[in-house]
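J.: Structure for the following, please:
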Amino acid sequence: MTSRIVKIVIVVLIIVVIIIGVLFALAIMKGKSSSQGQSSGGIFGTIFSLFNGGPEGTASSSPTATIQSDSGAMVTIPRLRQVTKAPVAGAGFIQRVVASTTVDNQGQVKNVSLVQTFIRYVDRATSHFFETKPDSLDVAEITNTTLPKIYQALITNQGNSALLRYLGSDENTIETSYVLVSTSTATTTTVGGNSGPKSLFTYALPENITELALSPGRDQIFYLRAGGQGGIGSVASPNNAKPKQIFNFPLKEWQVSWPKTNTLTLTTRPSAYIPGYVFFMNSTTGSLTKVLGNVPGLTTLTSPDLSYILFNESNTVDFDLNLFNTKSGSASSLSLKTLPEKCVWSQKATTVVYCAVPILVKKGNYPDVWYQGSVFFNDNFWKINVQTGERTVVARTADLTKQAIDAVNLSLDPNENYLMFTNKRDLTLWNLLITQPPGPIVSSSTPATTGPVVAPTSTPYTPPAH
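T.: Numbers count the residues shown, from 1 in each chain. This next block holds a predicted model:
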């Protein structure tokens, strides 16, 4: 009996040794393959990952880029950076001269200016202005004057002023104020500087403005409010000096954008159940030109040169993203499911657009269910050339953060190295590195882009009769 037990124990030990040997062999092979990407935590980490479903089942660190800061120090910045933990009302990229010098070049005097990019944003709860830089983790509070519960902020005047929208004390009236940061702030406050928070000077605009748009130069505004039996639209400076009425239309429900200096885009407010229309409007005369119509659930985004319009068309279960060529009058499908509100056109290459594209779209009446907040998306970021059809995945958010991202209010910095957006889920502000940043790169755990994905041939699309 004892001899039999000993034999059984020996056999079991042999089996255990064989199993351990196989696991180590698998771990070594997997460790070698993972060495081409992120670290898997060593041999033992790889063994455990075999039972946990591989790297997808383990926590991964956020990819970073190490950049030389203004002080010369090397700073590690997450590729996808959550700029704020609290909700924001609005944000914008701004540029300003931070230093200048005179250079004597063979007897000639030249002025050399150092221009840097900043992110300036407005806190939703307090209306306080804050500032940071894409290549710095430092944050400075610019103002401390409190206007509670700001719902929207449009940054103007290189970040030294903004248009703030909020509900009045009766919780019913829509108030709009032009706020100006004190002059001393504009010249002395910098990220990491010694200047303290400053005050805001406020100027009231007309009540119950339903739509507000900034010109491309951010030096004019167009606002729409109810009047008579419809909507009345006016152009003015941001503080509402010398307003000029240019629009009076029986319909008052519009979405407004200002893509080009002399042209606004007016799109009827969307619903999956209602055919929508889009017009171009001259910002001086107010004359309207119908561009596209009779499209259910229509929302739009016009390119800076007015050549293209991204537009959404709702169907019985979800929606499709399409492209309208304003010169040829033709339209085609982009074979992607996202909304124009989740995109931004490049200012440098007018055929390029960046979009946050949902990984999964549930059935529903769009864009209604998304506007109402009953549906949220989880996005990846794409770069699309609408002329060539080339598409590139700029970032897969699951590789960069554990948080689900439903991106809105996308904007590009002037150099188009960064893409800033608000997460619709909690209204926090985020910034994504989409190209190699300026300055030396010491390390990066993942490249900024994947290989190009060539889009299938565009599917011809014929919009319903106008």
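J.: Please enumerate the strands of the stretch 151-300 of the chain.
T.: Secondary structure of the stretch 151-300 of the chain (DSSP state E, counting those that start in this stretch): strands at 161-167, 174-181, 200-204, 209-214, 221-227, 230-236, 244-249, 254-260, 263-268, 275-282, 288-296, 300-302.
J.: which one of these lies closest to Val98?
T.: Nearest to Val98, of all the strands of the stretch 151-300 of the chain, is strand 174-181, at 17.0 Å by C-beta to C-beta. (Each C-beta comes from the backbone N, C-alpha and C, glycine too.)
J.: how far is stretch 423-432 from where the chain is centred?
T.: Distance, stretch centre to chain centre, for stretch 423-432: 8 Å (C-alpha atoms, centre = their mean, to the nearest Å).
J.: first to last residue in that stretch, what's the distance?
T.: Using C-alpha to C-alpha, to the nearest Å, the span of stretch 423-432 from its first residue to its last is 12 Å.
J.: If we ignore the residues flanking it in sequence, what's nearest Leu154?
T.: In space, and not counting its chain neighbours, Leu154 is closest to Leu163: 4.4 Å by C-beta to C-beta, 6 or more residues apart in numbering.
J.: pLDDT weak spots in this protein?
T.: Low-confidence segments of the chain, defined by pLDDT under 70: 1-62, 65-73, 100-112, 183-196, 436-466.
J.: Helices of that one, start to end?
T.: For the chain, the helices defined by DSSP state H cover 2-34, 42-52, 183-188, 368-371.
J.: hmm, who's touching the last one?
T.: Applying C-beta atoms under 8 Å, 6 or more residues apart in numbering, the external contacts of helix 368-371 come out as 270-273, 297, 339, 364, 375-377.
J.: Ala404: which of the residues you listed is nearest?
T.: Of all those, Ala404 sits closest to Phe376, with 7.2 Å by C-beta to C-beta.
J.: do you know how far the residue nearest to that closest one when sequence neighbours are not counted is from Ile155?
T.: Nearest non-adjacent residue to Phe376, counting by C-beta to C-beta, 6+ apart: Asp406, 4.8 Å away. Taking C-beta to C-beta, to the nearest Å as the measure, Asp406 falls 22 Å from Ile155.
J.: The two - which one has more neighbours?
T.: For Asp406 versus Ile155, neighbours defined as other C-beta atoms under 10 Å are more numerous around Ile155 (23 against 20).
J.: Bridged to the residue nearest to that one when sequence neighbours are not counted, which residues?
T.: Leaving aside its chain neighbours, Ile155 sits nearest to Gly92 (3.4 Å; criterion: C-beta to C-beta, 6+ apart). Beta bridges link Gly92 to Arg120, judged by DSSP bridges.
J.: How many residues are close by Gly92?
T.: For Gly92, the count of nearby residues is 22 (other C-beta under 10 Å).
J.: Next: Phe247.
T.: The tally of other residues near Phe247 (other C-beta under 10 Å) stands at 21.
J.: all numbers from here: first residue = 288
T.: Okay, residue one is now 288; in that scheme the one you just asked about reads as Phe534.
J.: thought it was touching Gly573?
T.: Yes - counting by C-beta atoms under 8 Å, Phe534 touches Gly573, with 4.9 Å between them.
J.: Pull the contacting residues for the residue nearest to Ser601 when sequence neighbours are not counted.
T.: What sits nearest to Ser601 in space, not counting adjacent residues and going by C-beta to C-beta, 6+ apart, is Gly584, at 2.8 Å. Going by C-beta under 8 Å, 6+ apart, Gly584 touches 557-559, 561, 563, 599-601, 606, 653-655.
J.: In CSV: those residues, plus distance to Ile406 and neighbour count.
T.: Shown next, in CSV, are the contacts of Gly584 (distance: C-beta to C-beta, whole Å; neighbours: other C-beta atoms under 10 Å):
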residue, distance to Ile406, neighbour count
Pro557, 30, 25
Ser558, 34, 18
Ala559, 35, 20
Ile561, 37, 15
Gly563, 33, 23
Asn599, 29, 26
Glu600, 34, 21
Ser601, 34, 25
Phe606, 31, 22
Tyr653, 31, 27
Pro654, 28, 21
Asp655, 32, 17
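J.: coming back round to it: which among the contacts of helix 655-658 gets closest to Val402?
T.: Using C-beta to C-beta, the contacts of helix 655-658 come closest to Val402 at Leu626, 34.0 Å.
J.: quick one, what contacts the closest one?
T.: With contact taken as C-beta under 8 Å, 6+ apart, Leu626 is in contact with 586, 599, 606, 608, 653-654, 657.
J.: again, but for Thr572
T.: Ile533.
J.: measure it to Phe534 for me?
T.: According to C-beta to C-beta, Thr572 stands 10 Å off from Phe534.
J.: again, but for Val680
T.: Between Val680 and Phe534 the computed distance is 41 Å (C-beta to C-beta).
J.: Just give the nearest non-adjacent residue to Leu621, would you?
T.: Distances taken as C-beta to C-beta, 6+ apart put Leu608 closest to Leu621, at 4.9 Å, once the chain neighbours are dropped.
J.: Can you show me the strands along the stretch 588-737 of the chain?
T.: Remark: strands assigned in the stretch 588-737 of the chain by DSSP E, counting those that start in this stretch are 595-601, 606-612, 618-620, 630-632, 639-645, 666-672, 677-682, 694-699, 705-710, 715-720.
J.: Could you pull out the buried residues of the second one?
T.: Which is strand 606-612. Neighbour-count burial for strand 606-612 flags 606-611 (criterion: 16 or more other C-beta atoms under 10 Å).
J.: Pull the number of nearby residues for Glu418.
T.: By other C-beta under 10 Å, 21 other residues sit near Glu418.
J.: what sits opposite it in the beta ladder?
T.: When assigned by DSSP bridges, Glu418 has beta-bridge partners Arg407, Ala427.
J.: how much space between it and Val370?
T.: Going from Glu418 to Val370 by C-beta to C-beta gives 11 Å.
J.: who touches both of these two?
T.: 406, 408.
J.: how about the buried residues of strand 606-612 in JSON lines, adding distance to Lys485?
T.: Shown next, in JSON lines, are the buried residues of strand 606-612 (distance: C-beta to C-beta, whole Å):
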{"residue": "Phe606", "distance to Lys485": "45"}
{"residue": "Asp607", "distance to Lys485": "48"}
{"residue": "Leu608", "distance to Lys485": "43"}
{"residue": "Asn609", "distance to Lys485": "46"}
{"residue": "Leu610", "distance to Lys485": "45"}
{"residue": "Phe611", "distance to Lys485": "45"}
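J.: What residues does the residue nearest to Phe663 make contact with?
T.: The neighbours of Asp693, taking C-beta under 8 Å, 6+ apart as the test, are 643, 663-666, 710-712.
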